[in-house]
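Participant: heads up, no residue letters with this:
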């Protein structure tokens, strides 16, 4: 795995991204990252995580965890998810978060790289059940910016909360803006 200094160099000098994170990173949180319109978003997220020397886990379709790629993805913090089964996944992850001293999980709320207004609910319910803050990370290719300006605390009113979260993400432009919808 590449280290923090090299990751920072690649992300900021070579790729030209700036980082504007205005909220402190608590020991436990869900990082909601949007817009997610390209596989490059994953690389940028990994470089960012390493550049700040803060391991952040991620969930990915289990189909990506084939040999030998699966070994690498797990070492990077990957958690394979069987999307055909929805049996208590948010409960399992919330319970794991409550048991740990540190828990950092990045989730792309859209759950796909295609335009969809029906975002996945998992990140919200994991945060609600485990009493975790949601750090709203925007990835803006137009401005070459990784930003986190807000920490969101779920209230339990999913519709109202999601309206606020989606409104926040409207300020960011994905690599392919036509693939992002709120």
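Facilitator: That came in fine, so what should we check first? Computed from a predicted model, the values in this text were never measured in an experiment.
Participant: Where does the prediction get shaky in the chain?
Facilitator: The chain contains residues with pLDDT under 70 at 1, 83-87, 113.
Participant: which stretches of it form helices?
Facilitator: Secondary structure of the chain (DSSP state H): helices at 4-8, 40-51, 69-75, 89-99, 122-130, 158-169.
Participant: Mind listing what's buried along stretch 126-139?
Facilitator: Within stretch 126-139, the residues scored as buried using 16 or more other C-beta atoms under 10 Å are 126-130, 132-139. (C-beta placed from N, C-alpha, C; glycine too.)
Participant: now do stretch 27-36
Facilitator: Buried, per 16+ other C-beta under 10 Å, within stretch 27-36: 28-36.
Participant: Find the residue closest to residue 128 in space, skipping its chain neighbours.
Facilitator: residue 154 (4.3 Å; C-beta to C-beta, 6 or more residues apart in numbering).
Participant: Could you do residue 73 as well?
Facilitator: According to C-beta to C-beta, 6+ apart, the nearest residue to residue 73 is residue 65 (5.8 Å).
Participant: What of residue 108?
Facilitator: The nearest residue in space to residue 108 (C-beta to C-beta, 6+ apart) is residue 36, at 3.7 Å.
Participant: and that neighbour, what does it touch?
Facilitator: 108-110, 112-113, 139, 174, 180 (C-beta atoms under 8 Å, 6 or more residues apart in numbering).
Participant: quick revisit: include distance to residue 20 when you put the helices of the chain into a markdown table, please.
Facilitator: A markdown table is the format used below for the helices of the chain (distance: least, C-beta to C-beta, whole Å):
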| stretch | distance to residue 20 |
| --- | --- |
| helix 4-8 | 14 |
| helix 40-51 | 12 |
| helix 69-75 | 28 |
| helix 89-99 | 26 |
| helix 122-130 | 22 |
| helix 158-169 | 14 |
